[in-house]
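Asks: Generate coordinates for the sequence data below:
(one chain, ligands or ions: 3)
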Amino acid sequence: MITVEQAEQIILENRSDLGAEITLFDTSAGRVLAETIRADRDMPPYNRVMVDGIAIKYSAFERGVRIFKIKAVQAAGAIPVEIGGDEECIEIMTGAAMSKSVDTVIRYEDITIGEGEAIINLATIEKGQGLHLKGADRKQGDVLAVPGQLITPAVLSLIASVGEAEVRVKKVPRIVVISTGDEVIEVHKHPTPFQIRRSNNYTAQATLKTLGYEASVLHLPDDPEVMRNQLSQCFQYSDAIILAGGVSAGKFDYLPQVLIDLGVEQLFHKVAQRPGKPFWFGKHCNGVPVFAFPGNPVAVYLCMHRYFIPWLYATLDQPQPAPVYAMLNNDLEFKPELKYFLQVKLFVNQQAQLVAEPIAGNGSGDFANLADANAFMEFPADKVLFNKGEVYRVHLINSL
Ligand SMILES: Nc1nc2c(c(=O)[nH]1)N[C@H]1C(S)=C(S)[C@@H](COP(=O)(O)OP(=O)(O)OC[C@H]3O[C@@H](n4cnc5c(N)ncnc54)[C@H](O)[C@@H]3O)O[C@H]1N2
Ligand code: MOO
Ligand SMILES: [Mg+2]
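Replies: Numbers count the residues shown, from 1 in each chain. Ligands and ions are numbered 1, 2, ... in the order given. Next up, the predicted model:
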């Protein structure tokens with residue numbers, strides 16, 4: 001049996017390269033950049049007025065001039081107006097490009113406008129005040145965003161401002177989530193006393209949706225023939241396949257054999273972890289990875305966060321998010337030599353520490369308590385006792 005770290009490494013080594021495509025900039029939020037965005041002009045591109053008021057030459061104020069003749073009113077977007085002499089000013093608006101003949105802006109609140117003139121009511125001003133200098137933020141050609149960067153609303157504003165109406169983004173994988181099991185029926189149907197409604201595939205789909213990724217869902221019965229037929233089609237139109245259930249030691253756990261029959265190379269089966277020990281991972285001969293998670297709902301949920309999402313980041317060339325750590329709030333014991341992932345509720349205490357409160361449950365079949373959790377805490381396999389105050393890694397879940 002391999003460790004969690006080994007499983008993670010094998011999965012990341014099997015990241016896919018799906019290439020890039022062009023998309024319209026205004027639909028690119030949530031996509032991952034596949035090009036470098038550079039400033040096409042200085043930022044700001046001109047000496048930008050920051051307040052509504054008057055623009056003057058500072059040296060005139062320094063000499064004692066307080067009353068300035070208004071030469072013109074200049075709106076944002078208008079051609080910059082020059083003053084004729086030092087005792088003139090321009091009434092100028094926020095966002096306007098200031099001419100070289102003036103260098104300082106005084107806001108309306110600090111002046112009195114009279115008949116064709118402006119009187120400054122301040123004893124002191126600073127040269128260059130009220131002005132956002134050309135190139136102060138970034139210079140023309142500077143890198144604004146890099147490949148692998150998520151297009152957040154902030155990045156999108158940069159893409160728009162440099163005039164990239166079309167932007168190169170990483171292609172997103174076509175993902176299918178497939179639940180298995182004869183006991184698992186459709187959501188709108190009424191279960192017999194020995195059936196359950198399916199939830200695993202929808203949880204996995206929703207987990208992806210919260211990150212901005214679509215997935216289709218499918219269900220397969222515990223019938224190797226049907227599984228073979230349906231799965232062989234899935235390999236034609238998917239870039240990643242997530243399965244749930246049918247991978248353990250039961251008489252009807254056909255999946256590992258079915259996958260091997262279909263040309264999927266088994267890269268591992270079973271990971272030293274709880275939940276999710278029977279996790280099976282392989283790669284189809286056409287390159288499509290297969291994440292066959294154990295059917296228990298908590299195992300599916302953990303494996304989505306611990307394995308599939310990191311694979312997704314790697315596939316999209318996105319840096320993995322920095323690990324998060326929290327402080328355990330209770331003593332606990334876990335004897336098996338497995339890495340233990342426990343549902344916890346995180347909160348920040350008055351010392352600004354991130355604290356993890358374990359949520360007691362009934363094992364990996366108990367998905368009722370998942371709704372109260374916002375993270376899994378990861379406990380090392382080589383320890384039995386875990387004490388209050390110790391710090392361990394956490395994986396955030398249920399964050400919308
Ligand atoms: N002899 C052994 N038995 C089991 C072992 C083992 O090592 N030896 N491992 C246990 C562990 S750990 C897990 S986890 C489960 C995994 O089993 P499978 O992957 O084969 O999954 P199933 O048997 O199909 O189902 C398990 C459980 O999950 C429920 N389930 C399945 N699909 C859904 C769905 N879409 N929505 C909600 N719930 C679902 C299913 O009804 C079962 O209760 O095996 C242990 N056994
Ligand atoms: O692998 Mo499981 O521990 O029941 O989810
Ligand atoms: Mg089973």
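
Asks: From residue 69, how far out is the spatially most distant residue from the centre of the chain?
Replies: Most distant residue from the mean C-alpha position of the chain: residue 115, 56.4 Å away (C-alpha atoms, centre = their mean). Between residue 115 and residue 69 the computed distance is 10 Å (C-beta to C-beta, to the nearest Å). (Each C-beta comes from the backbone N, C-alpha and C, glycine too.)

Asks: Can you get me a residue count around residue 341?
Replies: Neighbourhood size, residue 341 [other C-beta atoms under 10 Å]: 27.

Asks: Could you list the low-confidence segments of this protein?
Replies: 400 (pLDDT under 70).

Asks: mind listing the helices for it?
Replies: Here the chain has its helices, by DSSP state H, at 4-13, 58-62, 153-161, 200-210, 224-237, 255-261, 297-303, 309-315.

Asks: Going by proximity to ligand 1, name the top residue of the stretch 151-300 of the chain.
Replies: residue 295 (2.6 Å; C-beta to the nearest ligand atom).

Asks: ok, that residue touching residue 245?
Replies: Yes. If you go by C-beta atoms under 8 Å, residue 295 and residue 245 touch, sitting 2.8 Å apart.

Asks: okay, and the common contacts of those two?
Replies: 179-181, 200 (C-beta atoms under 8 Å, 6 or more residues apart in numbering).

Asks: Now do the contacts for residue 314.
Replies: 12, 15, 320.

Asks: just these now: which is nearest ligand 2?
Replies: Looking across those and measuring by C-beta to the nearest ligand atom, the closest to ligand 2 is residue 12, at 21.3 Å.

Asks: Distance of the closest one relative to residue 309?
Replies: For residue 12, the distance to residue 309 - C-beta to C-beta - is 12 Å.

Asks: of those two, who's got more company?
Replies: Shown here are residue 12 and residue 309; by other C-beta under 10 Å, residue 309 has more neighbours (18 against 15).

Asks: In space, what's closest to that one - neighbours in sequence excluded?
Replies: residue 211 (7.0 Å; C-beta to C-beta, 6 or more residues apart in numbering).

Asks: Would you agree the one you found is in contact with residue 308?
Replies: No. Using C-beta under 8 Å, residue 211 is not in contact with residue 308, being 10.3 Å away.

Asks: what about the two, which has more around it?
Replies: Comparing residue 211 with residue 308 by neighbour count (other C-beta under 10 Å), the higher total belongs to residue 308, at 22 against 12.

Asks: which residues touch the more buried one?
Replies: 204, 240, 242, 291.

Asks: For the first one, grab the count of nearby residues.
Replies: Residue 204: 27 surrounding residues under other C-beta under 10 Å.

Asks: How about the second one?
Replies: By the measure other C-beta under 10 Å, the count of residues near residue 240 is 21.

Asks: do the same with the last one
Replies: Other residues near residue 291 come to 23 when the count uses other C-beta under 10 Å.

Asks: so it bridges to which residues?
Replies: Listed beta-bridge partners, residue 291: residue 242, residue 281 (assigned using DSSP bridges).

Asks: what residues does the chain put near ligand 2?
Replies: By C-beta under 6 Å from any ligand atom, the residues of the chain that approach ligand 2 are 274-278, 294, 296, 299, 363-364.

Asks: Just the buried ones from these, in PyMOL syntax?
Replies: In PyMOL, this line selects whichever of the residues of the chain next to ligand 2 come out buried by 16 or more other C-beta atoms under 10 Å:
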select buried, resi 274+275+276+277+278+294+296+299+364
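
Asks: Let me see the contact set for residue 65.
Replies: Taking C-beta under 8 Å, 6+ apart, one finds 86-87 in contact with residue 65.

Asks: doesn't residue 264 make contact with residue 232?
Replies: No. Residue 232 is beyond contact range of residue 264, at 10.4 Å (criterion: C-beta under 8 Å).

Asks: Between those two, which has more neighbouring residues?
Replies: Set side by side, residue 232 and residue 264 show more neighbours around residue 264, with 25 against 14, by other C-beta under 10 Å.

Asks: hang on, residue 369 packs against residue 361?
Replies: Yes. Using C-beta under 8 Å, residue 369 is in contact with residue 361, at 4.0 Å.

Asks: Which neighbours do those two have in common?
Replies: Contacts common to residue 369 and residue 361, judged by C-beta under 8 Å, 6+ apart, are residue 343.

Asks: Compare the two (neighbour count), which wins?
Replies: Legend: neighbour count by other C-beta under 10 Å for residue 369 and residue 361, higher for residue 361 (17 against 14).

Asks: For that one, which phi and psi angles does the backbone take?
Replies: As for residue 361, its main-chain torsions (degrees, to the nearest 10) stand at phi -150, psi -170.

Asks: Which residue is the nearest non-sequential neighbour of the residue of the stretch 101-250 of the chain found nearest ligand 2?
Replies: The minimum distance from the stretch 101-250 of the chain to ligand 2, using C-beta to the nearest ligand atom, falls at residue 248 (7.9 Å). Sequence neighbours aside, residue 278 is the residue nearest to residue 248 in space, at 4.3 Å (criterion: C-beta to C-beta, 6+ apart).

Asks: number of nearby residues for the closest residue to residue 148 other than its chain neighbours?
Replies: Closest residue to residue 148 apart from its sequence neighbours, by C-beta to C-beta, 6+ apart: residue 317 at 4.3 Å. Using other C-beta under 10 Å, residue 317 has 18 neighbouring residues.

Asks: Over to the one 10 residues further on?
Replies: Residues lying near residue 327 (other C-beta under 10 Å) number 18.

Asks: This completes my enquiry, with thanks.
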